[in-house]
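1. have a look at this prediction, sequence included:
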Amino acid sequence: MLDTTFLTPAQIVAELDKYIIGQHEAKRHVAIALRNRWRRLHAPAEMQKEIVPNNILMIGATGVGKTEIARRLAFLADAPFVKVEASKFTEVGYVGRDVESMVRDLAEQAVSRLRQRRQEEVKAQAAQAVEDLILDALIPPIKGYPKDAAGRTGLGFSSESSATSALPDSDQELNERTRERFRQKIRNGELEDRRIEISVAQSGPNVGIMGAPGMMDEATMSGLQDMLGNMLPKKSRKRKVSVAEARKILLEEEAAKLVDMDEIKEEAIRQAENSGIIFIDEIDKVATSGSGKSGGPDVSRQGVQRDLLPIVEGSAVNTKYGIVNTDHILFIAAGAFHVSKPSDLIPELQGRFPIRVELQSLTRDDFYRILKDPKNALTKQYQALLAAEDVQLNFEDEALLKLAEIAFEVNSEVENIGARRLHTVMSRLLNKLLFDVPDKLPAGTELTITPQLVEERLRDMVKNRDINQYIL
């Protein structure tokens, strides 16, 4: 039976609309790409390998929503996601990150998120084991006392041990009653500040591997280090901590013991290959100019592009968790292309991104809606911050229109940094209020931002355009 719970393209766009204003064409393309991944997994088995993702190239000025679209898309897909900057990579043979590291990062992220979920699933079981460890630290059981199958001591468990039968019944009963009283206190949270001594697993030393540079890749080196590290005996050390701290430390250790890491690695690799999304930002920084000169200090931009080709097209990358095939990973690249053009990318790489979307520059109305509509709008963020001080912050609609107008004008005349300009104007507008709370503006105060206040606080910014200290 098909899984019909996955979001449709229209539903994906509706979810993106909650956080991102405008850019409808880009949203439609990424929504289709995301739904196509679900469609491929439900296609006939013989066709699944043949269906490849349509990678997307997003073109637009900084601050128009390129990164936010990709980030929200990964959240909706509930898929492994990594964001990398193309300008950080160098051609193979040069000092710096090689392009294969983005796939290794994806595998690492996939394993990490899956391990966290598995540990969450066994948290109740781990919590019981942690409770017993804390209890043993508070009231150690009598040596030789009978234990159940789980290793817990208690009355009523039969034992043929001569050491146990030699213990007086009164001592056994007193010890168990005391333990049960303390167990109840632990559950009631009455002993959270009591300090106890626990054994904490200690990570082993880093294992160095001798060899000439270039003899093995990063993944092989990391895998060998992990293998040699696992061969060393595990060490533990004693720590004195509160019961509350002990619970956090031990819960993580006990949960880790209950999960099958081999199963997690296999499943994580499968998720990375079939659902993974790699967002390559600033891809315009590795594009050469029309004259063919790279310019600047960047090392072999064209070499980086050629190294990207097999990764994006589909190849096998060795990671410390196993081989990851990139055939069905969705790649989304983005760039402002202020200096270069998409056509300055080598033709082979252009062909790997068949879907090209141009994001529109933000208008005054877009700025107004960004301040008002999204679930994570800046106005709502500042209201939440001041609500922590029991101060109510309100914005008049005309004030929001004024803020949007100022942000748009400054972007037009100084430097267009898109929606990030709103952070600049909001910070300039509210800094004095944020400083005065709670000393001059105590709890219970109600503040209203009016158009007059916006004009007063931001007048100099509009007149002089001297905002270097605020540019992000």
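-> Thanks, I have it.

2. SS state for residue 84?
-> Under DSSP: H, G, I helix; E, B strand; the rest coil, residue 84 falls in the strand class.

3. in the stretch 101-250 of the chain, where is pLDDT below threshold?
-> Low-confidence segments of the stretch 101-250 of the chain, defined by pLDDT under 70: 143-169, 202-234.

4. how does the chain divide into domains?
-> Taking automatic domain parsing as the criterion, the chain consists of the domains 9-117+270-358, 123-143+170-258, 364-458.

5. distance between the ends of the second one?
-> Okay, so that is domain 123-143+170-258. 9 Å (C-alpha to C-alpha, to the nearest Å).

6. what do you get for the shortest one?
-> Chord length of domain 364-458, first to last residue, is 17 Å (C-alpha to C-alpha).

7. quick thing: my sequence starts at 2, can you match it?
-> Will do, 2 is the new start, and the previous item becomes domain 365-459.

8. got a markdown table for the domains of the chain, with distance to residue 265 and mean neighbour count too?
-> Backbone N, C-alpha and C define where each C-beta goes, glycine included. Written out in a markdown table, the entries for those read as follows (distance: least, C-beta to C-beta, whole Å; neighbours: other C-beta atoms under 10 Å):
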| stretch | distance to residue 265 | mean neighbour count |
| --- | --- | --- |
| domain 10-118+271-359 | 5 | 18 |
| domain 124-144+171-259 | 11 | 14 |
| domain 365-459 | 31 | 17 |
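
9. what's the least confident stretch among those?
-> For the domains of the chain, the stretch scoring lowest in mean pLDDT is domain 124-144+171-259; its value is a mean of 76.

10. the stretch 252-401 of the chain: strands as residue ranges?
-> Taking DSSP state E, counting those that start in this stretch to define them, one finds strands in the stretch 252-401 of the chain at 278-282, 317-320, 323-326, 331-336, 356-359, 393-396.

11. mind checking which of those strands is nearest residue 178?
-> Comparing the strands of the stretch 252-401 of the chain by their distance to residue 178 (C-beta to C-beta), the top pick is strand 323-326, with 52.2 Å.

12. partners of that closest one in the sheet?
-> Strand pairing for strand 323-326, determined by DSSP bridges: strand 317-320 (antiparallel).

13. ok, residue 442 to residue 391 distance?
-> Residue 442 is 11 Å from residue 391, where distance means C-beta to C-beta, to the nearest Å.

14. and if you look at residue 139?
-> The span separating residue 139 from residue 391 equals 39 Å under the rule C-beta to C-beta.

15. which residues touch the spatially closest residue to residue 268 that is not a sequence neighbour?
-> Sequence neighbours aside, residue 115 is the residue nearest to residue 268 in space, at 6.0 Å (criterion: C-beta to C-beta, 6 or more residues apart in numbering). Contacts were defined as C-beta atoms under 8 Å, 6 or more residues apart in numbering; by that measure residue 115 touches 265, 268, 269, 272.

16. ditto for residue 431
-> When contacts are counted by C-beta under 8 Å, 6+ apart, residue 431 touches 383, 450.

17. any idea which element it lies in?
-> Secondary-structure element containing residue 431, defined by DSSP states H and E: helix 421-437.

18. for that helix, output the C-alpha coordinates as CSV.
-> C-alpha atoms of helix 421-437 as CSV (Å, rounded to 0.1, in the frame of the first residue of the first chain):
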residue,chain,number,x,y,z
ARG,A,421,19.0,40.9,6.0
ARG,A,422,18.6,44.7,5.9
LEU,A,423,15.6,44.2,8.1
HIS,A,424,17.9,43.0,10.9
THR,A,425,19.8,46.2,10.5
VAL,A,426,16.8,48.5,10.8
MET,A,427,15.1,46.5,13.5
SER,A,428,18.3,46.5,15.6
ARG,A,429,18.7,50.3,15.2
LEU,A,430,15.1,50.8,16.1
LEU,A,431,14.9,48.6,19.2
ASN,A,432,18.4,48.7,20.7
LYS,A,433,17.6,51.4,23.2
LEU,A,434,14.4,49.7,24.4
LEU,A,435,16.2,46.4,24.7
PHE,A,436,18.9,48.1,26.8
ASP,A,437,16.4,49.9,29.1
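
19. which is the next helix or strand following it?
-> On the C-terminal side of helix 421-437, the nearest following helix or strand under DSSP H and E is strand 447-450.

20. hang on, residue 403 packs against residue 454?
-> No: judged on C-beta atoms under 8 Å, residue 403 makes no contact with residue 454 at a distance of 9.3 Å.

21. please enumerate the strands of the stretch 102-251 of the chain.
-> Taking DSSP E, counting those that start in this stretch, the strands of the stretch 102-251 of the chain run over residues 196-203, 236-243.

22. who does the first one touch, helix- and strand-wise?
-> Contact here means 3 or more C-beta pairs under 8 Å, 6 or more residues apart in numbering; DSSP states H and E; on that basis strand 196-203 packs against helix 124-139, strand 236-243, helix 244-259.

23. go on, the last one?
-> Applying 3+ C-beta pairs under 8 Å, 6+ apart, one finds that strand 236-243 makes contact with strand 196-203.

24. partner strands of the strand it packs on and their direction?
-> Using DSSP bridges, strand 196-203 pairs in its sheet with strand 236-243 (antiparallel).

25. from the chain's centre, how far out does the strand it pairs with sit?
-> A distance of 30 Å separates the C-alpha centroid of strand 236-243 from that of its chain, computed with C-alpha atoms, centre = their mean, to the nearest Å.

26. who touches that strand?
-> The set of residues that contact strand 236-243 without belonging to it, under C-beta under 8 Å, 6+ apart, is 193-203, 205, 250.

27. can you give me the helices in the stretch 2-151 of the chain?
-> Counting by DSSP state H, counting those that start in this stretch, one finds helices in the stretch 2-151 of the chain at the ranges 10-18, 25-42, 46-49, 67-78, 102-122, 124-139.

28. which stretch among these comes nearest residue 437?
-> Distances from residue 437 to each of the helices of the stretch 2-151 of the chain were compared by C-beta to C-beta, and the smallest falls on helix 67-78, at 31.9 Å.

29. pull the closest one out as PDB, backbone CA atoms only.
-> Once side chains and other backbone atoms are set aside, the C-alpha atoms of helix 67-78 remain, and they are given as PDB (Å, rounded to 0.1, in the frame of the first residue of the first chain):
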ATOM      1  CA  LYS A  67      17.800  30.900  -1.500                       C
ATOM      2  CA  THR A  68      19.300  29.300   1.600                       C
ATOM      3  CA  GLU A  69      16.100  29.500   3.600                       C
ATOM      4  CA  ILE A  70      14.200  27.600   0.800                       C
ATOM      5  CA  ALA A  71      16.700  24.800   0.900                       C
ATOM      6  CA  ARG A  72      16.800  24.600   4.700                       C
ATOM      7  CA  ARG A  73      13.100  24.500   5.000                       C
ATOM      8  CA  LEU A  74      12.900  21.900   2.200                       C
ATOM      9  CA  ALA A  75      15.200  19.600   4.100                       C
ATOM     10  CA  PHE A  76      13.000  20.000   7.200                       C
ATOM     11  CA  LEU A  77       9.900  19.200   5.300                       C
ATOM     12  CA  ALA A  78      11.500  16.200   3.700                       C
END
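
30. I'm done for today, thanks for sticking with me.
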